[in-house]
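Asks: model this:
(one chain, ligands or ions: 2)
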Amino acid sequence: MSCRNISMVCPREKSRSPFSFIARNRNSKSNSRICFELKFSSAGMVPAAVITDVTSPSRTTSEEKVYDVVLKQAALVKQKKTDRSIHEKKLLEQRTGNISWDFLNKAYDRCGEICAEFAKTFYLGTLLMTPERKRAIWAIYAWCRRTDELVDGPIASHLTPRALDRWEERLAGLFEGHPYDIFDAALSDTVSKFPVDIQPFKHMIQGMRMDLKKTRYKNFDELYLYCYYVAGTVGLMTVPVMGIAPESKSSAESVYNAALALGIANQLTNIRQNSARRGRIYLPQDELGQAGLSDDDIFRGKVTEKWRNFISGQIKRARMLFDEAERGIAELNSASRWPVWASLLIYRQILDVIEANDYDNFRKRAFVGRAKKLVFLSVAYGKAVAAE
Ligand SMILES: CC(C)=CCC/C(C)=C/CC/C(C)=C/CC/C(C)=C/[C@@H]1[C@@H](COP(=O)(O)OP(=O)(O)O)[C@]1(C)CC/C=C(\C)CC/C=C(\C)CCC=C(C)C
Ligand SMILES: [Mn+2]
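Replies: Ligands and ions are numbered 1, 2, ... in the order given. Sure, this is the predicted structure:
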């Protein structure tokens, strides 16, 4: 393999990644890769040594798997189309075209109500978007919220894998122009108008399946995949709606990577707020072990020096992902930047609150108060317009 044929495939372009870089032979199929793991230190990325030569086809990291999805999604938006054929698109338009304007308006308003009820700041942030984009984000939000409610809501204890299969069938139906209920009708209209692909939606359902079965995460790689499924997917669903700025010089991949990073950073922050729920521990078991902590320590919830050290490392990782996300926001369409800045600043602030609470996320709920949220909304506005 000559050097010319090696490309750096770095999902975290130019960032100080806590993960490995992958050098891929451009002439080969993706399963014959050699991974060079670069050591991460506080001073940045240090190519300390070639630690592993992982030519085995079975070793595919979650980051690689997710990066392949990112590439595919970015390619779809670049072509300004989903993978539907023109014929399928026409059929879809005919079907959704049969739904009356009045019904659709009601459908979107209902999605907006869900967004306003569960995510007031997001909702506020969407108000600056164009009406079409705003409604589309509400429709996506409502679908995500309802998907999460299946595993976290009042009927969660009765949820069966079959119910998730049924939910996925409904998803396929709405992508084909056959919505099941009023909320699905709004999303069905959205996916007929924007180049949104079904894959991230399917993956979110996959994340919910994982949550039903899995109670422990062996390492960060496993946790990363879970975070991608339930949260990174949101970035991939929403970028095609928010749009990349026509003047942007960045590649679609890098914007998608930033969106993915924001979703994952948000979910890692969620987890930092509440590491153990319903007998599940959303922390990498190997890193817990290295820190001298056990599952019992987590369930007991005692703030010790070991815990402080451990959680501060986890916070550092989440912050790096937020930094990476920041770099992508300026590449979005200008009217879409405000809500994204707002969500980033508010979520990242939760990490500061955890620190201010002396890492006691067992007893103290880390939350950002109303007044602070308003401050962040105005800071976000300033940042969004500054980039114009
Ligand atoms: C270039 C660039 C930076 C683009 C930005 C891309 C972008 C908008 C990314 C959004 C990322 C985002 C807001 C992710 C949400 C992550 C999240 C909180 C996921 C939650 C999963 C499960 O969590 P859990 O059960 O542990 O916690 P709860 O106690 O239930 O909270 C989710 C709940 C999954 C469902 C996700 C949602 C309901 C949020 C969906 C949000 C949108 C569609 C709006 C995003 C849009 C804007 C404009 C910010
Ligand atoms: Mn939830």
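Asks: skipping adjacent residues, who's closest to Thr304 in space?
Replies: Asp297 (7.5 Å; Cβ to Cβ, 6 or more residues apart in numbering). Quick note: C-beta positions are derived from backbone N, CA and C, even for glycine.
Asks: pLDDT weak spots in the stretch 201-350 of the chain?
Replies: 275 (pLDDT under 70).
Asks: could you rerun that using 90?
Replies: For the stretch 201-350 of the chain, residues meeting the criterion pLDDT under 90 lie at 271-279, 335.
Asks: helices along the stretch 151-300 of the chain, start to end?
Replies: Under the criterion DSSP state H, counting those that start in this stretch, the stretch 151-300 of the chain contains helices at 161-175, 182-193, 199-213, 220-227, 233-242, 252-273, 285-290, 295-300.
Asks: mind checking how far the fourth one is from the chain centre?
Replies: This points to helix 220-227. The chain centroid and the centroid of helix 220-227 are separated by 12 Å under Cα atoms, centre = their mean, to the nearest Å.
Asks: export that helix as CSV, just CAs?
Replies: Extracted in CSV, the C-alpha atoms of helix 220-227 (Å, rounded to 0.1, in the frame of the first residue of the first chain):
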residue,chain,number,x,y,z
PHE,A,220,-16.9,4.3,25.2
ASP,A,221,-17.2,2.7,21.8
GLU,A,222,-20.5,1.0,22.8
LEU,A,223,-21.7,4.2,24.5
TYR,A,224,-20.9,6.2,21.5
LEU,A,225,-23.1,4.0,19.3
TYR,A,226,-26.0,4.4,21.7
CYS,A,227,-25.5,8.2,21.8
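Asks: list of residues touching that helix?
Replies: The contact list for helix 220-227 (Cβ atoms under 8 Å, 6 or more residues apart in numbering) reads 18-19, 61-63, 65-66, 207, 210-211, 214, 217, 263-264, 267-268, 271, 282-284, 287, 317.
Asks: just the buried residues of the residues you listed.
Replies: 19, 61-63, 66, 207, 210-211, 217, 263-264, 267-268, 271, 282-284, 287, 317 (16 or more other Cβ atoms under 10 Å).
Asks: thought Asp297 was touching Glu305?
Replies: No: assessed by Cβ atoms under 8 Å, Asp297 is found out of contact with Glu305, at 11.9 Å.
Asks: of the two, who's got more company?
Replies: Each of Asp297 and Glu305 has its neighbours counted (other Cβ atoms under 10 Å); Asp297 has more, 16 against 9.
Asks: stretch 329-348 and ligand 1, are they touching?
Replies: Yes: using Cβ under 6 Å from any ligand atom, stretch 329-348 reaches ligand 1 at Ile329, Leu332, Pro339, Val340, Ser343.
Asks: check stretch 319-326 too.
Replies: Yes: part of stretch 319-326 sits near ligand 1 under the criterion Cβ under 6 Å from any ligand atom, namely Ala325.
Asks: burial of Asn219, as a residue count?
Replies: 12.
Asks: quick one: it and Leu288 touch, right?
Replies: No: counting by Cβ under 8 Å, Asn219 stays clear of Leu288, with 10.1 Å between them.
Asks: low pLDDT regions in the stretch 51-200 of the chain?
Replies: 51-60, 76-102, 120-122, 124-125, 127-129, 152-160.
Asks: which of the helices of the stretch 151-300 of the chain sits closest to Ala139?
Replies: Smallest distance to Ala139 across these (Cβ to Cβ): 4.0 Å, for helix 182-193.
Asks: can you pull the contacts of Ala142?
Replies: Here Ala142 is in contact with Arg110, Cys111, Ile114, Cys115, Phe183, Ala186, Leu187 (criterion: Cβ under 8 Å, 6+ apart).
Asks: how far away is the second one from ligand 1?
Replies: Taking Cβ to the nearest ligand atom, to the nearest Å as the criterion, Cys111 is separated from ligand 1 by 10 Å.
Asks: quickly find the element holding that residue.
Replies: helix 101-118 (DSSP states H and E).
Asks: how many other residues sit next to Ala172?
Replies: 12.
Asks: likewise for Ile155?
Replies: 11.
Asks: tell me, how many neighbours does Ala366 end up with?
Replies: 20.
Asks: look up the closest residue to it, ignoring the ones flanking it.
Replies: Closest to Ala366 by Cβ to Cβ, 6+ apart is Val353, at 4.0 Å.
Asks: sorry, back to before: need the contacts of Ala142 in JSON lines with neighbour count, can you?
Replies: Output for the contacts of Ala142, formatted as JSON lines (neighbours: other Cβ atoms under 10 Å):
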{"residue": "Arg110", "neighbour count": "18"}
{"residue": "Cys111", "neighbour count": "27"}
{"residue": "Ile114", "neighbour count": "20"}
{"residue": "Cys115", "neighbour count": "24"}
{"residue": "Phe183", "neighbour count": "21"}
{"residue": "Ala186", "neighbour count": "29"}
{"residue": "Leu187", "neighbour count": "26"}
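Asks: many thanks, I have nothing further to ask.
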